[in-house]
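K.L.:
This is a predicted model, with the sequence first.
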Amino acid sequence: MAGTSQTPLDDRDRDGSLDNRPDPATEAFLAHRNLLFTVAYEMLGSAADAEDVLQETWLRWAGVDLDAVRDQRAYLVRITTRQALSRLRTLGRRKESYVGSWLPEPLLTTPDVAEDVELADSVSMAMLLVLETLGPIERAVFVLREVFDLAYDEIAEAVDKSPVAVRQIAHRARAHVAARRPRGVVSAAETRSALEAFQRAVDTGDLQNLLDILAPDVVLLGDGGGVKQAVPRPIVGADKVSRVLAAGLPRIRAASLRPAQVNGYPALILRLDGEIDTVLAVRIDDGLVTGLYAVRNPEKLSHMERETALRR
């Protein structure tokens, strides 16, 4: 898993000799690290903030009396959830002053993420944007219950609510997400086909194949973070989106456009002079593209150079 948070990977035994095995606290943390990162990332939509949450989780876990811990996985998830909730509130304030549209930070994911259909769906750009419409507690409850299948009493401890309250929150969050998530089962093949149409439009200059799969109410979002040029607000409607894409084709044609596995689904990476310039992901409903997401903010592209392992 990609990450910058530091944990001790070796320890010395009591007589001062090097012990090849990590101490029990480190061993437990490393065993669940990918899971904890996934929990934090799904709650935050930001890999950089998820890694900070992991660092904070480790610092707290290192001071825990392991003999008093009945279920190490549940305990670690509880710490991570609480730290992520705190970070989510801070992130919310940052988004209020963010320049232009805010999109989740894309991840170059390992092949096994795509093989776990439920995991891939939960970390897709489309689903992460749906999760953005939930409140912090609702988002935490939904992620822990629907993605990680935690028991209500475990979730209650993590979010400091009663199990009865958590059940009610889960019910509301589930209905909220169901009304906004992509309609129909989205296959990797459908996504790949849509991106191939975009690739052909770039190669030939003919947008017709792409227009054929754009939904009438398709939305184009661009995230430049005020650093890179991007559409300043959502572009809605197939005609308007196609005009914006047509205007951008010359610049795209001058770059290198390659497919990649991003957040569990096929996506396109645009490189200029060897550097990643844009990550393009799509949302598909009932076989048509309803969302085009172009991430250009350089601060959000650091996890596109190496694969990130995600776990449930």
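P.N.:
Perfect, thanks for sending it.
K.L.:
For E42, give me its contacts.
P.N.:
Contacts for E42 were tallied using Cβ atoms under 8 Å, 6 or more residues apart in numbering; they are 122-123, 128, 131, 143, 147. C-beta coordinates here come from the backbone N, C-alpha and C atoms, glycine included.
K.L.:
Return the member of those residues nearest to L310.
P.N.:
Comparing these against L310 with Cβ to Cβ places V123 closest, at 6.2 Å.
K.L.:
What's the local residue count around the closest one?
P.N.:
Around V123 there are 25 other residues, counting by other Cβ atoms under 10 Å.
K.L.:
can you list the contacts of E42 in a markdown table and add pLDDT, secondary structure and distance to K228?
P.N.:
Listed next are the contacts of E42 as a markdown table, based on pLDDT from 0 to 100; DSSP: H, G, I helix; E, B strand; the rest coil; distance: Cβ to Cβ, whole Å:
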| residue | pLDDT | secondary structure | distance to K228 |
| --- | --- | --- | --- |
| S122 | 95 | helix | 28 |
| V123 | 97 | helix | 24 |
| L128 | 97 | helix | 20 |
| L131 | 97 | helix | 25 |
| V143 | 98 | helix | 30 |
| V147 | 95 | helix | 31 |
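K.L.:
Quick check: the farthest pair among those residues?
P.N.:
Longest span within those, Cβ to Cβ: L128 and V147, 11.6 Å.
K.L.:
Among the two, which residue is more densely surrounded?
P.N.:
The neighbour count for L128 versus V147, taken as other Cβ under 10 Å, is higher for L128 (23 against 19).
K.L.:
what about the nearest residue to that one once chain neighbours are set aside, which SS state?
P.N.:
If the residues on either side of it in the chain are set aside, L128 comes closest to P104, at 4.1 Å by Cβ to Cβ, 6 or more residues apart in numbering. Using DSSP: H, G, I helix; E, B strand; the rest coil, the structure places P104 in coil.
K.L.:
now swap in R33 and tell me
P.N.:
Three-state assignment for R33 (three-state DSSP): helix.
K.L.:
That one against T57, yeah?
P.N.:
No. Judged on Cβ atoms under 8 Å, R33 makes no contact with T57 at a distance of 9.3 Å.
K.L.:
These two - which one has more neighbours?
P.N.:
Neighbour tally, R33 and T57, criterion other Cβ under 10 Å: the higher count belongs to T57, 27 against 20.
K.L.:
does the more buried one really touch T80, like I thought?
P.N.:
Yes. Assessed by Cβ under 8 Å, T57 is found in contact with T80 at 4.8 Å.
K.L.:
what do those two both touch?
P.N.:
In contact with both T57 and T80: L36, using Cβ under 8 Å, 6+ apart.
K.L.:
hmm, back to that, ok, the residue nearest to L128 - how many residues close by?
P.N.:
Counted with other Cβ under 10 Å, residues neighbouring P104 total 26.
K.L.:
ditto for H176
P.N.:
Using other Cβ under 10 Å, H176 has 17 other residues around it.
K.L.:
cool, the one 10 residues further on as well?
P.N.:
A count of nearby residues for V186, using other Cβ under 10 Å, gives 23.
K.L.:
residues touching it, list them.
P.N.:
Residues in contact with V186, defined by Cβ under 8 Å, 6+ apart, are 121, 124, 126, 265, 284.
K.L.:
backbone phi and psi for the second one, please?
P.N.:
Right, the one you point to is S124. Dihedral pair for S124: phi -60, psi 150, per degrees, to the nearest 10.
K.L.:
same check, this time on the one 10 residues further on
P.N.:
When read as degrees, to the nearest 10, the backbone of L134 gives phi -90, psi 150.
K.L.:
Which helix or strand contains the closest residue to it other than its chain neighbours?
P.N.:
In space, and not counting its chain neighbours, L134 is closest to A173: 5.9 Å by Cβ to Cβ, 6+ apart. Using DSSP states H and E, A173 sits within helix 163-178.
K.L.:
How far does that helix sit from its chain's centre?
P.N.:
Distance, stretch centre to chain centre, for helix 163-178: 21 Å (Cα atoms, centre = their mean, to the nearest Å).
K.L.:
ditto for stretch 216-225
P.N.:
In terms of Cα atoms, centre = their mean, the centre of stretch 216-225 is found 17 Å from the chain centre.
K.L.:
go on, stretch 240-252?
P.N.:
In terms of Cα atoms, centre = their mean, the gap separating the centre of stretch 240-252 from the centre of its chain is 26 Å.
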